[in-house]
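**Q** can't give you the sequence, but here's the structure:
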């Protein structure tokens, strides 16, 4: 449950999300926690940036000439030794067979503790993550698919979300003009995702940031912060949009409004109804 998740558990899921290594269940938990805790968004953003940086630094390398034989050697187990070829080993095996086997009394099975179960689950998840990273390193090592993998990792999460929304059967959008530009909100109720695409945003000082809001009646609900490159940005909103909400953008201090309410007049608003 997202309300029971700790920031440490969210960080673990965030790392897996950046590597596309989450199960369907963990991906849903991560999405729910991301909506419920917009203050953790920086963790996810840093993990996505790290994954993108790793992808950029991976240079294609020609595969070793013996890569196939080494892989086969690692996969095929060695053949068992022939006892007939080693008389001493055969005698020792026969002597061992002559010793009667003592079977200890069976102990009643005990259920593992919750702590042990959680530890095993975390280890399994970690092994899966390491396997994914090892697979990527192997692909890079043999010079296969580097461009394709890099392109996937370099795609911002907001752009990926926009594509998912546009492909959804219930995709919807609304557009509005503002002073100097145009903004379009895209959303899908079935996916629970909202993305704002804005062009013509004003230049702001480095100690300021753009902040997203759901304006619902007289209330403004924070939905994350974003920056703009050349006045253009594609930003995914956190939280859940409700019918009739107005999406607004204000300029706030770095990190967002300190009290969770807008401190400036919106630079743009997009009604969704």
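**A** Here it is on my side, so go on. Every value quoted in this text rests on a predicted model; they were computed, and no experiment measured them. Numbers count the residues shown, from 1 in each chain.
**Q** List the contacts of residue 178.
**A** 200, 267-269 (Cβ atoms under 8 Å, 6 or more residues apart in numbering). Placement of C-beta: from N, CA and C, glycine included.
**Q** Ramachandran angles for it?
**A** Note on residue 178: backbone dihedrals following degrees, to the nearest 10 are phi -140, psi 180.
**Q** what are the bridge partners for it, then?
**A** residue 181 (DSSP bridges).
**Q** where does the protein have low pLDDT?
**A** Applying pLDDT under 70 to the chain picks out residues 1-3, 55-68, 71-72, 74-154.
**Q** just the strands in it please.
**A** Along the chain, counting by DSSP state E, strands occupy 172-178, 181-188, 193-199, 208-216, 219-226, 232-237, 246-253, 268-271.
**Q** returning to that earlier point: columns neighbour count and distance to residue 190 on top of the contacts of residue 178, output as TSV?
**A** Formatted as TSV, the contacts of residue 178 follow (neighbours: other Cβ atoms under 10 Å; distance: Cβ to Cβ, whole Å):
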residue	neighbour count	distance to residue 190
200	17	31
267	20	30
268	22	26
269	15	25
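**Q** Just put the residues you listed in a markdown table and tack on distance to residue 40.
**A** Formatted as a markdown table, those follow (distance: Cβ to Cβ, whole Å):
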| residue | distance to residue 40 |
| --- | --- |
| 200 | 30 |
| 267 | 26 |
| 268 | 26 |
| 269 | 27 |
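**Q** so residue 236 makes contact with residue 163?
**A** No - counting by Cβ atoms under 8 Å, residue 236 does not reach residue 163; the two are 11.6 Å apart.
**Q** Quick check on the two: which one has the bigger neighbour count.
**A** Per other Cβ atoms under 10 Å, whichever of residue 236 and residue 163 has more neighbours is residue 236, with 23 against 12.
**Q** Could you find the closest non-adjacent residue to that one?
**A** Using Cβ to Cβ, 6 or more residues apart in numbering and skipping residues adjacent in sequence, the residue nearest residue 236 is residue 158, 4.1 Å away.
**Q** Okay, the one you found and residue 69: tell me how far apart.
**A** Distance, residue 158 to residue 69, using Cβ to Cβ, to the nearest Å: 45 Å.
**Q** Compare neighbour counts for these two and give me the winner.
**A** residue 158 (19 against 10).
**Q** Can you tell me how far that one is from residue 44?
**A** Distance from residue 158 to residue 44, by Cβ to Cβ: 11 Å.
**Q** go on, residue 231?
**A** Residue 231 is 25 Å from residue 44, by Cβ to Cβ.
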